[in-house]
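> got a predicted structure here, sequence first:
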Amino acid sequence: MTHGSMRRVTRWVVWLFVVVLITGALFSGSQAQTPSIYFAQTGQYLGGAFRSFWERNGALANFGYPITPEYVSSSGRITQYFERARFELTEVNGQAVVELGKLGVEITDGRVFPKVPPIRNTADRRYFPQTQHIIQYGFKEIWETRGGEQIFGLPISEEIKEVIDDGEWHTVQYFERVRFEYWPGFAPGQRVLISNLGRRLAPPELMTPQPPSQPPGDPNRGIPAPASVGAQPPPIPPSVNARVTPESGPPGTTFAFDANGFDPGERVGVWITAPDQAAISLDIQPTADGNGSIAGANIRITTDLSFSDGIWSFNAQGINSKRQSIGYFRISRASIPPGDPNKLGVIIHDQLPVQGDALILPVAAPSGTTFAFAATGYQSGERVGSWISDVHGQSWPIDEADVFLDNGFVRVVFNTAGLADGVYTVVAQGVNSGLINTAAFKLTRDYVAGPGTPRPPSVNGSATPPEGGIGSTIQLRGQNLLPNEDLEFWVTDPNGFYIFFPIPMPADNQGRIGYDPPLDATLTSEVVPGVYGFHFRGKSSGTRVDIYFTVNVSSQARQIPDSGLRMIQQLAGQGRLPAWSIRDYLAPAE
């Protein structure tokens, strides 16, 4: 193996896990570094990264009080509204970052503000060529001293007159994220206010005050305590003026919801609540029919592996009547039928071609899985379009918000809910360069290996012990390979993920894997129950090493969907598997 290849082999897994954690772990909304505080003024909590950002960047004066809990918006981001702002948690260069929503742009959607010609900047007036607008006097002072572009965005209008909340005409100016108001009757230094645009744009169904006694993020709130194997799960509470069909199912199940009891003709806000009590907006407001029912709205969600086990609920509230309906349902991986042990060792990655410098994670999984695709070679700053196509030529576009480009390196995150089993291809094409990278993937349940799946016998290797629970350490050892030959490596996990790593791993000088360094997996509370497979194939000899072991944990334990990757991440962190960077894999060899 060349020095360049070895360097790449030693640094690839890290970025790969960043992508998976963005698509999976961020869904949980965990921001535990900073404790939550409660604001009685609005009945909402503020904690974690959002509290840190709020306190560092102007707090109450710039943003106002929180008016919703944290929730996962339709964009997939963890979101929280404030009186004057919207916080969104995103990722930049592998780091969690708080971004501010462009409320000013959204509230003025469809309005046209005339541009103005450039002026000479002075202490009182400033021209912005990016948007061709001017800020001046008191508005300029507030903009420059309380956050500038980072907090308020650029101006998108000139000063104009509008009737605002007090029913009077005021001078206002719109910026990308806010609106400034001028109140001449106030004392000097207090005449510029920031509009409460957050109150105008926040989902009304999420603005209900929360009880002060149960802050979000409490690990015991809404999450069943771990139970012993075989213990019965808690019963599903009775629904109130609502029905969910079916009442229970594994990830991948489609749940339908209907509710009644509302005023005829009123709009109804609908959201779902996770087992940890996180509210997730569905961004819909159906209209109740003449009988006060929303059954005709055909409300349904297709769950995927990012949905944790536990009791969930649909919630509906009449916008005018304030009447509420709630329908409960359970997601349980324990209800996944046992898999077919004869399919767990079937190789699929050979049949799924990749075009260009690209890879996909995983290469096969059940429908409803979130996949991550990465490729390189694009022009810096160019737009990249992406879509999914099937073998019959039908295509599905991927939203631009799910396509991330950084210095010619693109990554695409997409969910496969609603797609039938079969082979698909994800495509990313540069708008300017025309460069196309593709990767095929398969939607299948062939590799699902949940509780009750018979464990296949290991081939040319062993797992010691062959099964264990949380806290156990499993020793993985393989042999009968050629000395120092390169090995293909892939993992199958109980969720049905087939995770192929395109960089070869070397056998040791005795034709073994897992001896030096040792390959030992310690089972944490993040693993899911069922059969795991660690698979190797010699690139010279063709010899297979298939090592299987069974994890036995409570079906009610808190779980993370990318458990196979989590286990590999743990091993890489201990130096027992190489950790390598996708950028180095896609870079030319040295």
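That came through fine.

> list the buried residues of stretch 351-371.
Buried residues in stretch 351-371, counted by 16 or more other CB atoms under 10 Å: 352, 354, 357-371. Just so you know, the C-beta spots here come from the backbone N, C-alpha and C atoms, and that holds for glycine as well.

> those in helices, which ones?
Among the buried residues of stretch 351-371, DSSP state H puts none in helices.

> which residues does Ile134 contact?
The contact partners of Ile134, by CB atoms under 8 Å, 6 or more residues apart in numbering, come to Val116, Ile119, Arg125, Arg126, Tyr127, Phe128, Pro155, Glu158.

> need those in TSV with pLDDT and distance to Ala288, can you?
Below are the contacts of Ile134 laid out as TSV (pLDDT from 0 to 100; distance: CB to CB, whole Å):
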residue	pLDDT	distance to Ala288
Val116	90	47
Ile119	90	54
Arg125	95	52
Arg126	93	50
Tyr127	93	51
Phe128	91	46
Pro155	95	42
Glu158	95	43
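
> nearest to Thr253 among those?
Of all the contacts of Ile134, Pro155 has the smallest distance to Thr253: 48.3 Å, by CB to CB.

> which residues of the chain fall in helices?
Secondary structure of the chain (DSSP H): helices at 3-9, 13-23, 48-56, 59-63, 103-107, 137-145, 148-152, 197-201, 563-573, 582-586.

> summarise which helices and strands the fourth one is packed against.
For helix 59-63, there is no helix or strand it packs on, judged by 3 or more CB pairs under 8 Å, 6 or more residues apart in numbering; DSSP states H and E.

> what residues of that helix count as buried?
Asn62, Phe63.

> kindly report the same for stretch 500-513.
Neighbour-count burial for stretch 500-513 [16+ other CB under 10 Å]: Phe500, Phe501, Pro502, Ile503, Pro504, Met505, Pro506, Ala507, Gly511, Arg512, Ile513.

> let's see which of the buried residues of stretch 351-371 end up in strands.
Members of these lying in strands (criterion: DSSP state E): Val354, Ala358, Leu359, Ile360, Leu361, Ala364, Ala365, Thr370, Phe371.

> pLDDT check: weakest of those?
The lowest pLDDT within those belongs to Thr370, with 82.

> ok, now which ones touch Ala428?
So Ala428 contacts Ala358, Phe373, Ala375, Val384, Gly385, Ser386, Val403, Val410, Val412, Ile436, Asn437, Thr438 (CB under 8 Å, 6+ apart).

> tell me the contacts of the last one?
Pointing back at Thr438 there. Pro353, Val354, Gln355, Gly356, Ala358, Thr425, Val426, Val427, Ala428.

> can we see that at 6 Å?
Neighbour list for Thr438: Gln355, Thr425, Val427 [criterion: CB atoms under 6 Å, 6 or more residues apart in numbering].

> what's the distance between it and Tyr548?
32 Å (CB to CB, to the nearest Å).

> now swap in the second one and tell me
Here the criterion is CB to CB. By it, Phe373 lies 29 Å from Tyr548.

> and the spatially closest residue to Val545 that is not a sequence neighbour, how many neighbours?
Spatial nearest neighbour of Val545, chain neighbours left out: Gly478 (3.6 Å); criterion: CB to CB, 6 or more residues apart in numbering. Neighbourhood size, Gly478 [other CB atoms under 10 Å]: 26.

> list the contacts for Gly478?
So Gly478 contacts Asn460, Gly461, Ile513, Gly514, Phe536, Val545 (CB under 6 Å, 6+ apart).

> just flag the most distant two among those residues.
Farthest pair in the contacts of Gly478 (CB to CB) is Asn460 and Gly514. Separation: 11.4 Å.

> who's more crowded, those two?
For Asn460 versus Gly514, neighbours defined as other CB under 10 Å are more numerous around Gly514 (25 against 19).

> so that one touches Arg477, yeah?
Yes: assessed by CB atoms under 6 Å, Gly514 is found in contact with Arg477 at 4.5 Å.

> so how far is stretch 491-507 from its chain's centroid?
22 Å (CA atoms, centre = their mean, to the nearest Å).

> before we move on, what about stretch 286-301?
29 Å.

> tell me which residues in that stretch are buried?
Pro286, Ala288, Gly292, Ser293, Ile294, Ala295, Ala297, Ile299, Ile301.

> do you know how far the third one is from Ala279?
It stands for Gly292. 23 Å.

> mind listing what Gln429 touches?
Gly385, Ile436.

> picking up where we left off before, which one of the contacts of Gly478 is nearest Ile107?
Phe536 (56.6 Å).

> quick one: mean pLDDT for stretch 97-109?
91.

> wait, Val410 sits on Val384?
Yes: here Val410 reaches Val384: they are 5.0 Å apart, a contact under CB under 6 Å.

> can you check which residues contact both of these two?
Common neighbours of Val410 and Val384, counting by CB under 6 Å, 6+ apart, are Tyr378, Ala428.

> can you get me a residue count around Ser389?
For Ser389, the count of nearby residues is 15 (other CB under 10 Å).

> pretty sure it contacts Gly422?
No: judged on CB under 6 Å, Ser389 makes no contact with Gly422 at a distance of 11.3 Å.

> export the contacts of Ala428 as TSV, with columns for distance to Asn342.
Converted to TSV, the contacts of Ala428 look like this (distance: CB to CB, whole Å):
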residue	distance to Asn342
Ala358	31
Phe373	30
Ala375	34
Val384	40
Gly385	40
Ser386	36
Val403	38
Val410	38
Val412	33
Ile436	37
Asn437	34
Thr438	31
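
> can you list the domains in the protein?
For the chain, automatic domain parsing gives the domain ranges 3-16+448-586, 31-216, 234-331, 347-443.

> what residues does stretch 468-475 touch?
Against stretch 468-475 from outside (CB under 6 Å, 6+ apart): Ala463, Thr464, Asp520, Ala521, Thr522, Leu523, Ser525, Phe549, Asn552, Val553.

> so what's the residue count around the fourth one?
Burial of Ala521 is recorded as 24 neighbouring residues (other CB under 10 Å).

> then stretch 70-79 to CSV, C-alphas only?
The C-alpha coordinates for stretch 70-79 follow below in CSV (Å, rounded to 0.1, in the frame of the first residue of the first chain):
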residue,chain,number,x,y,z
GLU,A,70,-37.4,23.5,20.4
TYR,A,71,-38.9,21.4,17.6
VAL,A,72,-37.8,19.8,14.4
SER,A,73,-39.1,21.9,11.5
SER,A,74,-39.9,20.6,8.0
SER,A,75,-36.3,21.5,7.0
GLY,A,76,-35.0,18.8,9.4
ARG,A,77,-33.3,21.5,11.6
ILE,A,78,-33.8,21.9,15.3
THR,A,79,-35.7,25.2,15.6
